[in-house]
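[1] Sequence and predicted structure below; questions after.
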Number of protein chains: 2
Amino acid sequence: MTIRLGIVGLGKIARDQHLGAIQATDGVEFVAVASRNAALDGVASFNDIEELLSSDVPVDAVSLCTPPQGRFTQAKAALDAGKHVMLEKPPGASISEVHALEALAKKKGLTVFSTWHSREAAAVEPTRALLADRKIRSVSVEWKEDVRHWHPGQAWIWEPGGLGVFDPGINALSIVTRIMPEPFHLVQSDLFFPENRAAPIAANLSFKTSSGVPVAAEFDWRQTGPQTWDIRIDTEEGPVVVSHGGSRLSVDGEQRVVEEDREYRNLYKKFVRLVGEGRSDADFSPLVHVADAFMLGRRHAVESFED
Amino acid sequence: MTIRLGIVGLGKIARDQHLGAIQATDGVEFVAVASRNAALDGVASFNDIEELLSSDVPVDAVSLCTPPQGRFTQAKAALDAGKHVMLEKPPGASISEVHALEALAKKKGLTVFSTWHSREAAAVEPTRALLADRKIRSVSVEWKEDVRHWHPGQAWIWEPGGLGVFDPGINALSIVTRIMPEPFHLVQSDLFFPENRAAPIAANLSFKTSSGVPVAAEFDWRQTGPQTWDIRIDTEEGPVVVSHGGSRLSVDGEQRVVEEDREYRNLYKKFVRLVGEGRSDADFSPLVHVADAFMLGRRHAVESFED
């Protein structure tokens, strides 16, 4: 069976990643788009998901690429109409709403897939396997990029719910929660808010694993020049470094994995498999860490940010 | 079997509520206390939980009455030592850590009881039963009290993780999550921080249930004079009012439940039952709503607060 899919929210991430990935994936057919002020040639186009769902264009599933703040209403409408749902990261604006979606999908026998594209980067699964057999001493995450380059004019990321620097930082957290052999939790959080913005531009976080291993993370949106998306794991057997956003792995100083980016193609492949098997994949732990970072966060005011 | 119990953290809440409730409960025997700078006549006294656990005083369970910021390490030590754990509210400083505790207790076959004393107030269960059969139009929560009266000199509540006005507000949330027939999630959050404090003194929250019913909550720590702990539910059949922190219920204008406070005795009764049945009770949804309120919160600066 081929999944007839509608995309909701034809913004930057949908155009940059989803459209190409869908085209390259067997078992999924792109049939409709719902997006304010945007349409695509060759597929049925609607202004919003309600129009799409009440039309006579048959869809089996929707992929939500809208900003997280409005995601719940769309996902709920889709599930109520009997459609499977794939969620861009972060899966929603609140933990409570994504729990409610998961429960609703379960009740209706539908698939909800809370995607974390960075988990599909080539080095992630090899690192997970490697760390299962090592003694970890500490972990250090540096996720530093230039917001002007990656989010030009995206006002919603600076609003409450837009998460600020946690929008990229949650990618790091999605990798660390996957590769670590035991859970970890926040013990200290410092958040840096531009004076004119409602979301942080930088964050310094200290976690500990349940057995006490320190995990430090620095997220910063003010980095110009070379960008840094690195996770260093100091193990008794030697250093393990996951770099370039999860696509490269170096073990004890030796390069192991360098692969081309297949993140979004993997996500759609997985979605096809989940729907086929009647299962959901709803791990919200990266968003939980972000909520914890806000709840435990000490706020510091920094220089205003102008786009 | 009688549960031999140790109390960790002999502060205000332990003295005001726990000691008397334990004494009044069959099936639990108070044998030890672990608390910095505090001891009790007639029971073995230790400086901290590590001393207690490594002593020759046998305990089956511990009740943690310490501030939430240090709770994880204590609970983990107790579970590792094979002890059941009862947690004062809030159950921890982060969602991630309480999830980890729940998983650890499950793995070890031990009971963890995340208590919400306000849920034991007399009007809560009757209201839950009543609302299951009514059509709810809206909910409005007012939780307003005088912090100087209820938390004199408690510096930790103003620190990150201390939660500020959510320390009482989470009691309201523990009731609302129990009485409502469907889940709800945050859509807007305004947080009011005194200029000299790291935690909010007031909060205005707008939630919606999954089907769209509005739930509004106002928490304020600046109320002198009469104190307000009320939940008003507007239903098609008439108004339902849960007042006085959950101890009074009025239905369609008629008073139904007025009972003396038995909250903490009910908690210990429930703990004895959970341990006997080998079960846990770990509903963290009130803390999840608080984390959401911080993550989605728009921060407003207000007048400095001096104790």
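    Cool, got the structure.
[2] Check for me that A:L249 belongs to a helix.
    No - judged by DSSP: H, G, I helix; E, B strand; the rest coil, A:L249 forms no part of a helix; its state is strand.
[3] I figured it hits A:P239, correct?
    No - assessed by C-beta atoms under 8 Å, A:L249 is found out of contact with A:P239, at 11.3 Å. All C-beta spots, glycine's among them, are computed from the backbone N, C-alpha and C.
[4] Which of the two has more residues huddled nearby?
    A:L249 (24 against 13; other C-beta atoms under 10 Å in any protein chain shown).
[5] Now do the shared contacts for A:L249 and A:P239.
    Common contacts of A:L249 and A:P239 (C-beta atoms under 8 Å, 6 or more residues apart in numbering or on different chains): none found.
[6] How about the residues of chain A by chain B?
    Counting by C-beta under 8 Å from any C-beta of the partner chain, the residues of chain A close to chain B are A:72, A:76, A:92-97, A:99-100, A:103-104, A:160-161, A:163, A:183-189, A:193, A:198, A:210, A:285, A:288-292, A:294-299.
[7] make it 6 Å
    Within chain A, the residues that sit near chain B (C-beta under 6 Å from any C-beta of the partner chain) are A:94-97, A:100, A:160-161, A:183, A:185-186, A:198, A:210, A:288-289, A:291-292, A:294-296, A:298.
[8] Distance check, the residue lying closest to A:Q154 once chain neighbours are set aside against A:G20.
    Among residues not flanking A:Q154 along the chain, A:K12 sits closest, at 7.7 Å (C-beta to C-beta, 6 or more residues apart in numbering or on different chains). Using C-beta to C-beta, to the nearest Å, A:K12 is found at 13 Å from A:G20.
[9] what's the answer for A:P126, then?
    Per C-beta to C-beta, A:P126 is found 25 Å from A:G20.
[10] more neighbours, those two?
    Neighbours per residue, other C-beta under 10 Å: of A:P126 and A:G20, the larger number sits with A:P126, 16 against 12.
[11] Which of the three states applies to the more buried one?
    helix.
[12] Also the one 4 residues further on?
    Using three-state DSSP as the criterion, the local structure at A:L130 reads helix.
[13] Next: A:V215.
    For A:V215, the secondary structure call by three-state DSSP comes out as strand.
[14] From chain B, how far out is it?
    11 Å (C-beta to the nearest C-beta, to the nearest Å).
[15] who's in contact with that residue?
    A:V139, A:F184, A:F207 (C-beta atoms under 6 Å, 6 or more residues apart in numbering or on different chains).
[16] Kindly report the same for A:F284.
    By C-beta under 6 Å, 6+ apart, the contact list for A:F284 reads A:V98.
[17] Please repeat the previous calculation with a cut-off of 10 Å.
    Residues in contact with A:F284 (C-beta atoms under 10 Å, 6 or more residues apart in numbering or on different chains) are A:90-92, A:95, A:98-99, A:101-102, A:114, A:116, A:177, A:290-291, B:95.
[18] quick one: which of those sit in helices?
    A:I95, A:V98, A:H99, A:L101, A:E102, A:T177, A:V290, A:A291, B:I95 (DSSP state H).
[19] Could you identify the most distant pair in these?
    Within the ones in helices among the contacts of A:F284, A:L101 and A:T177 form the most distant pair, 19.3 Å apart (C-beta to C-beta).
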